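> the sequence and its predicted three-dimensional model are supplied below.
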Amino acid sequence: MDVFEAIKTRRSVRSYESKDVEEKKLRKILEAARLAPSASNRQEWRFVVVKDGETRKKLSRAAKGQKMVSEAPVVIACCAETDGHLMTCGQACYPIDVAIAIDHMTLTAVEEGLGTCWVGAFFEEEVKRILGIPEDVKVVELLAVGYPKNPAEKAKKSRLDIDHIVKMERWS
């Protein structure tokens, strides 16, 4: 599968089979995150991989009861150990860099026949408590990973027309 095919195929999976994710596939997904670019090569991302069913249930409650968090055989807490560095443009590096790493993971998961779902609806302090994450580390997203219950289901991507989102040379 080429990258563009993975981009077209990727969808948010909210229902997973109970089948375990093979260690080789999980390592490849994590390696994709490790290879992601980051501002000034800061590599502030950190990941907590959760497979334990009871811990995933607790994370599900911390994620406003989202069932997929407990159902997915793997949940990755995508974090940043950061000094809060701002880029010249004024944006903090860490949320952008973690998002790039997550995107690398999601596309690699598609290539491996797995599904993922970004989870941003969670209570950070509760996730930190459950996973023993230090107070100064930011939890940016949770990522559910596993085999989709309905693998043949196509991505339902309603997207704006390219002419609506792209400006050439100038905004106006």
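Looks like it came in fine.
> use CA for all of it now, contacts and neighbours both
Fine.
> distance from the helix-or-strand element of the chain with minimal mean pLDDT to the middle of the chain?
Least confident helix or strand, the chain: helix 3-9 with a mean of 92, by mean pLDDT, DSSP states H and E. Its chain's C-alpha centre and that of helix 3-9 lie 16 Å apart, by Cα atoms, centre = their mean, to the nearest Å.
> with stretch 132-149 instead?
8 Å.
> how close does Leu30 get to Thr108?
As judged by Cα to Cα, to the nearest Å, Leu30 and Thr108 stand 9 Å apart.
> so these two - more neighbours on which side?
Thr108 (26 against 19; other Cα atoms under 10 Å).
> that one: what secondary structure?
State at Thr108, reduced to three classes by DSSP: H, G, I helix; E, B strand; the rest coil: helix.
> quick one: contacts for it?
By Cα atoms under 8 Å, 6 or more residues apart in numbering, Thr108 lies in contact with 6, 28-29, 32.
> and it, how close does it get to Val69?
As judged by Cα to Cα, Thr108 and Val69 stand 20 Å apart.
> before we move on, what about Glu54?
Distance of Glu54 to Val69, given as Cα to Cα: 11 Å.
> between the two, who's got more neighbours?
Between Glu54 and Val69, counting by other Cα under 10 Å, Val69 is the more crowded of the two (31 against 11).
> ok, then the element right after the helix or strand hosting the more buried one?
Following DSSP states H and E, one finds Val69 within helix 67-71. Per DSSP H and E, helix 67-71 leads on to strand 74-81 as the next helix or strand towards the C-terminus.
> what helices or strands is that next one leaning on?
With contacts defined as 3 or more Cα pairs under 8 Å, 6 or more residues apart in numbering; DSSP states H and E, strand 74-81 has these neighbours: strand 45-50, helix 93-111, strand 137-146.
> try it again with 6 Å
Contact analysis of strand 74-81 by 3 or more Cα pairs under 6 Å, 6 or more residues apart in numbering; DSSP states H and E lists strand 45-50, strand 137-146 as its packing neighbours.
> just say which of those is most tucked in.
Highest mean neighbour count of those: strand 137-146, a mean of 24 (counted as mean count of other Cα atoms under 10 Å).
> and the pLDDT at Ala155?
At Ala155, the model reports a pLDDT of 67.
> what kind of secondary structure is the nearest residue to Pro134 once chain neighbours are set aside in?
Nearest residue to Pro134 in three dimensions, chain neighbours excluded: Lys128, at 6.9 Å (Cα to Cα, 6 or more residues apart in numbering). At Lys128 the chain is in helix, as set by three-state DSSP.
> for Lys128, give its distance to Pro37.
From Lys128 to Pro37 the distance is 25 Å (Cα to Cα).
> which of the contacts of Thr108 has the largest number of neighbours?
Within these, Ile29 tops the neighbour count with 23 neighbours, counted by other Cα under 10 Å.
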